[in-house]
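Peer 1: Quick one, fold the following:
(4 chains)
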Protein chains: 2
Amino acid sequence: MKLSDGEWKVMQVVWEQQEVAARDVFDALEEETEWAYTTVKTMLTRLAEKGALAMHKRGNVSVFKPTISRAEARRSDLRGLVERAFDGAFGPMLQFLIEDKSLSAKERRKLQGLLEELEKENKGKRKGK
Amino acid sequence: MKLSDGEWKVMQVVWEQQEVAARDVFDALEEETEWAYTTVKTMLTRLAEKGALAMHKRGNVSVFKPTISRAEARRSDLRGLVERAFDGAFGPMLQFLIEDKSLSAKERRKLQGLLEELEKENKGKRKGK
DNA sequence: AGTGAACTGTTACAAATGTAGTAAGACAGT
DNA sequence: ACTGTCTTACTACATTTGTAACAGTTCACT
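Peer 2: Numbers count the residues shown, from 1 in each chain, chains lettered A, B, ... in the order given. Model prediction:
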C-alpha cells in the first residue's frame, strides 16, 4: 500500500483515534494544514477506495476505520525507500545512516542500546529452545 | 529535491556513469525496465528542468551530468520518510527498524559493528582534541 | 413544520508522473 | 548526394495527487 504525503497525514489521525468521521480529521489537522473540510472528505474517500480505510455509515455520517496498521504502512514506505534509493537492501541504508552522520550521538547511543537489548533477547530465546 | 520512482532509476544510472547521453541510460535500464527510448529522454529532460541534472550539447547529442549527489538525494528522501511516517524524528524510525524486526540478525550485527566503529572513532577524536 | 448547519456524493481542475508517438534535423556509409 | 539510423524538440494522454466547489439531503432546534 502506497500512501501519498497528504494521505499519511490523514492516516496518522485515523490511527490515533481508531475510528473517525471527516469532522474529526478536519479538526485534528486544522493546526497543521489549511485544508478545506471537503478536502479532508476527498482524502478519506480515496483512502477508502484504496482499501486503507473501511467506511460504514452511522446515521448519515460516514465513519472510517483503518484496515492497515501504522506498522504495516511504515514497513512498506520504508521498503519503498530502500528499494528506490538503496539498491533494495537495508544494509546500505543503515550504513548510510551512520556514515552520513544523519544521526546525532544521542540517537546513535539509543540505537546501540536497542541493539544490545535485542541481542540479549535473542540469546535468551535460543537457550530456552 | 524530490525524485519520483522513475527519476530515481534514471539518476542511479547517471550517478554510476557521471556523464550520460540518453542512449546510455536507455541501455543501462533495458534489463530493469521496459521503457521506450523516448521515455528515457523525457525523464532526462524533466530532471534537467528540475535542476537535478545539467545538460549540455556535444555535437547534436545532449549530455547530462548530476548536479546533486546521490548522498544528498538519499538524505532528502530519508528525511521525507521520517517526516511523513515517523513524526519527523529519526529516533522513532530507528526504534521501529529494530523492534519491528525489519532487520535480519545479520543486518543487526552489521549495524552494531558500524556503531561500535563509530564509537571508537569518536573517542579517538575526543582524545586527540 | 420550518430553517439553518452539517454532512454526503459528485464533479472539477491543475500539477506531477508514467509512458510514449511524431516530425524534423544530423550524420555516417555508400 | 542519398538513404537509413539516430537524436532531438514537441506534443499527447492517462493516472495520481492536491485542493476544493456545489447541490442535494438530513438532522437538530425552534
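
Peer 1: Would you enumerate the residues in contact with A:Glu16?
Peer 2: A:Ala28 (Cβ atoms under 8 Å, 6 or more residues apart in numbering or on different chains). Heads up, the C-betas are built off the backbone N, CA and C, glycines and all.

Peer 1: what's the following helix or strand after the helix or strand it falls within?
Peer 2: Per DSSP states H and E: A:Glu16 is located in helix A:5-17. Moving toward the C-terminus from helix A:5-17, the next helix or strand (DSSP H and E) is strand A:20-21.

Peer 1: Stretch A:39-52 and DNA strand C, any residue contact?
Peer 2: Yes - with Cβ under 7 Å from any atom of the strand as the measure, stretch A:39-52 is seen reaching DNA strand C through A:Lys41, A:Thr42, A:Thr45.

Peer 1: so of those residues, which ones are in helices?
Peer 2: A:Lys41, A:Thr42, A:Thr45 (DSSP state H).

Peer 1: ok, A:Phe64 to chain B distance?
Peer 2: 19 Å (Cβ to the nearest Cβ, to the nearest Å).

Peer 1: low-scoring pLDDT stretches of chain A, where are they?
Peer 2: Across chain A, residues meeting the criterion (pLDDT under 70) sit at A:125-129.

Peer 1: rewinding a little: out of the residues of stretch A:39-52 next to DNA strand C, who has the most neighbours?
Peer 2: Within the residues of stretch A:39-52 next to DNA strand C, A:Lys41 tops the neighbour count with 17 neighbours, counted by other Cβ atoms under 10 Å in any protein chain shown.
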